[in-house]
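Colleague: quick one, what's the 3D model for this:
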Amino acid sequence: MLTFVQSDIALPKRVASPRDIRHLVICPQPIKPHHCLVYLAAREQVVKDCSRGDSARIVLLTGRSRDVGPLPFDIPVDILPVFTEPNSGRHTRINRAIFSCIFSSVRADTAFRIHASRHPILTPILEGMRALGIAYSIEPTNGSAS
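Modeller: From the prediction side, this is the model:
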């Protein structure tokens with residue numbers, strides 16, 4: 001028979017570590033108005049995540065230039081110049097050497113929220129996430145074709 005006795009010892013409450021949430025935003029150059037709206041929607045979610053105590057930031061995939069126009073940077077943002085100059089034609093080449101930076105310092109609890117659903121660069125990014133076992137969701141965005 002087990003007897004339970006209430007103890008006067010106060011056990012410390014388990015403090016959950018903050019989740020690592022990364023909001024992936026794709027803004028190829030030149031930045032168009034709908035890119036700004038997508039960025040601002042992701043920024044709003046980062047602010048909410050941080051207010052809940054999570055570790056959140058935007059991973060901004062952009063062109064070679066670090067000039068990202070009128071976007072506000074009052075929250076943590078990693079700017080990764082993934083796109084290079086267009087080759088002959090209208091297609092933009094992708095700097096694959098930068099891809100490893102997207103997944104740098106991921107933890108077991110890292111999750112990505114992707115704020116662009118129809119950009120061709122997503123295919124290799126999602127393949128990389130699946131291969132590494134990184135959790136992700138694709139957020140609905142207004143004008144999601146990046």
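
Colleague: compute the first-to-last residue distance for stretch 52-72.
Modeller: 21 Å (C-alpha to C-alpha, to the nearest Å).

Colleague: in that stretch, which residues are buried?
Modeller: Neighbour counts over stretch 52-72 (16 or more other C-beta atoms under 10 Å) mark 54-63, 68, 71 as buried. C-beta coordinates here come from the backbone N, C-alpha and C atoms, glycine included.

Colleague: what's in contact with that stretch?
Modeller: 18-31, 36, 39-40, 42-43, 45-46, 49-50, 75-85, 92, 95, 102, 112, 121 (C-beta atoms under 8 Å, 6 or more residues apart in numbering).

Colleague: return the subset of these lying in helices.
Modeller: Using DSSP state H, the subset of those located in helices is 36, 39-40, 42-43, 45-46, 49-50, 102.

Colleague: neighbour-wise, which of those leads?
Modeller: Ala42 (27 neighbours; other C-beta atoms under 10 Å).

Colleague: any idea how far it is from Ala97?
Modeller: Using C-beta to C-beta, to the nearest Å, one gets 24 Å for the distance from Ala42 to Ala97.

Colleague: how about stretch 121-133 as CSV, C-alpha atoms only?
Modeller: These are the backbone C-alpha positions of stretch 121-133, laid out as CSV (Å, rounded to 0.1, in the frame of the first residue of the first chain):
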residue,chain,number,x,y,z
ILE,A,121,12.9,28.3,-54.5
LEU,A,122,10.6,26.5,-52.0
THR,A,123,11.1,23.1,-53.6
PRO,A,124,14.8,22.7,-52.6
ILE,A,125,14.2,24.4,-49.3
LEU,A,126,11.4,22.0,-48.4
GLU,A,127,13.5,19.1,-49.5
GLY,A,128,16.2,20.2,-47.2
MET,A,129,13.8,20.7,-44.3
ARG,A,130,12.4,17.2,-44.8
ALA,A,131,15.9,15.7,-45.0
LEU,A,132,16.9,17.3,-41.7
GLY,A,133,13.5,16.6,-40.0
